[in-house]
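Engineer: Fold the stuff below for me.
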Amino acid sequence: MCQGKGFNKFSTIIAVLLITLIAGGLCMNAAAAETWEMSFQVTAGVDDAEELIGNGEIGIGSSDLEIAEEYPGDGDLQIIGIRFSNIMIPQGAVIEEAYIQFTCDETKNGNPFNVSIYGEAAGDSLAYTEDPYNISSRIKTPSSVVWSDIADWSVKHEAGENQKTPDLTNVIQEVVDLPGWSQGNALAVIIQGTGTRTAESYDGEPDLAPVLVVTFTGELRALPMINTGWYGMITRLLPWL
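Structural biologist: Okay, here's the model as predicted:
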């Protein structure tokens, strides 16, 4: 009889602990707005691509990204698409600063260099495919930023101010304000214009692929604790209580 009472007492303790853990896990979702700086690098070969303007041919798997003319003066203009996945920015966050950091791959330069950078107006951008016009057919944000009159890229693997875009705050803000946007979705930019600067791609040097850096203020949606840790162990024990 005493053994039964002890067993019931143990069951009560476990139940109280379980309720406490669940409540604590659910509270993790109510985070106050804070200012964050996060970096998101291209993580797959299908996340950066080139499209020839003349015929819409898509290049995926190139060792570099020629922005925006393949060879200086050859007239073969390209549109560049770059997709960043798993962007941990909540819908409606306030973007304080945003830019893309490139790394120089080749020191061939075409001047004057003058390109426009758009966002893809999509709540969750898809990876690129080899279907013709797979970059230019995507809807662009109304806002764009001009990147021009920068110094030549003369040092291979340099990633400094000359390889850093101007502030893209307005472009990124338009994307995260879209109704279909949610924390963890993918975001893409589209670059087109004239001139040549050659950046590393994921397929060329994964560790040197383009990086999107964003400073924003918002409420991050935390993963609930109730899926892991003590709750998982207690759940496995419940059939025996």
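Engineer: OK, contacts around Ile135?
Structural biologist: Counting by CB atoms under 8 Å, 6 or more residues apart in numbering, Ile135 makes contact with Ala49, Glu50, Glu51, Ile58, Ile79, Ile80, Gly81, Tyr128, Ile190. Where you see a C-beta, it was placed from the backbone N, CA and C, and this is true even at glycine.
Engineer: at 7 Å what do you get?
Structural biologist: Listed by CB atoms under 7 Å, 6 or more residues apart in numbering, the contact set of Ile135 reads Ala49, Glu51, Ile58, Ile79, Gly81, Tyr128, Ile190.
Engineer: do Ile67 as well
Structural biologist: Contacts of Ile67 (CB under 7 Å, 6+ apart): Ile80, Val115, Ile191, Arg197, Ala199.
Engineer: One more: Arg197?
Structural biologist: Neighbour list for Arg197: Ile67, Asn109, Phe113, Trp153 [criterion: CB under 7 Å, 6+ apart].
Engineer: Torsion angles phi and psi at the first one?
Structural biologist: Main-chain dihedrals, Ile67, degrees, to the nearest 10: phi -110, psi 110.
Engineer: Could you work out the most separated pair of the contacts of Ile135?
Structural biologist: Farthest-apart pair in the contacts of Ile135 is Ile58 and Ile190; separation 13.0 Å (CB to CB).
Engineer: Looking at the two, which is more packed in?
Structural biologist: The residue with more neighbours, out of Ile58 and Ile190, is Ile190; 23 against 19, by other CB atoms under 10 Å.
Engineer: Out of the contacts of Ile67, which sit inside strands?
Structural biologist: Ile80, Val115, Ile191, Arg197, Ala199 (DSSP state E).
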